[in-house]
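In: I need the structure of the sequence given here:
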Amino acid sequence: MQYMNNKKRNLVLWGAIANLVSCLASFVISILVICEVKGLEKYLDFISLTGFSTNLWYAIIVFAGGLIATVLLLYSIREKGKHFRSSYGIFIAGFVMVLVFGGFLAWALLLGSMWVPDVIVMNTPREVRQEEVVENRAYEEKKQKIEELKHLRDSGIISEEEYKERLFELL
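Out: Residues are numbered from 1 along each chain as shown. Model prediction:
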């Protein structure tokens, strides 16, 4: 049975959360700058250097893009990552949107998640027992066939060469 690697899932989850927080903070600060809220005068130089917009439509588009990216990322790891392989394109679309609209922390977390393997294979105890039973049955069948070959050789029904040939085919 395959499950999504928890480390990768957590990195994508935290990247989505960081992206949402970053976009929301950017939107709120942009709205405050546009509305010229008192008390921000001493921070306006810093805010203008960090790229917060004074254009309302631009702020709305960036927030919407970041929100969509977060939804795509969360959708790609739904049901504990059960469908991650089939929704990998959605993950990539969310990652690209984070590159365009998101913050650095979200981008770094998602980039780090790309280096972690997608899926781990875990067998349930029942599946492990079934595999052991099949292996034991195959072992017992081979053992029985080898004993039959020895008996045929010892009784003179087959020659030593035939015994070695059949034994080689069996093994």
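
In: let me see the contact set for the most centrally placed residue in the chain.
Out: In the chain, the residue lying closest to the centroid (C-alpha atoms, centre = their mean) is residue 118, at 3.5 Å. Residue 118 makes contact with 4-5, 8, 84-85, 88 under the criterion C-beta atoms under 8 Å, 6 or more residues apart in numbering. The C-beta positions use only the backbone N, C-alpha and C, and glycine is treated the same way.

In: how is this structure divided into domains?
Out: Following automatic domain parsing, one finds the domains of the chain at 2-121, 125-170.

In: surely residue 72 touches residue 101?
Out: No. Between residue 72 and residue 101 there is no contact under C-beta atoms under 8 Å: 11.4 Å.

In: I'd like the distance between residue 62 and residue 25.
Out: 11 Å (C-beta to C-beta, to the nearest Å).

In: equivalent analysis for residue 113, please.
Out: Taking C-beta to C-beta, one finds residue 113 at 22 Å from residue 25.

In: from the contacts of residue 118, list just the buried residues.
Out: Taking 16 or more other C-beta atoms under 10 Å as the criterion, what is buried in those is 4-5, 8, 84.

In: least confident of these?
Out: Least confident entry in the buried ones among the contacts of residue 118, by pLDDT: residue 4, with 71.

In: so it sits right up against residue 80, yeah?
Out: Yes. Using C-beta under 8 Å, residue 4 is in contact with residue 80, at 6.3 Å.

In: switch the contacts of residue 118 over to CSV; also include secondary structure and distance to residue 56.
Out: Shown next, in CSV, are the contacts of residue 118 (DSSP: H, G, I helix; E, B strand; the rest coil; distance: C-beta to C-beta, whole Å):
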residue, secondary structure, distance to residue 56
4, strand, 39
5, coil, 41
8, helix, 37
84, coil, 37
85, coil, 40
88, helix, 35
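
In: nearest to residue 106, of those residues?
Out: Nearest to residue 106 among the contacts of residue 118 is residue 8, at 15.1 Å by C-beta to C-beta.
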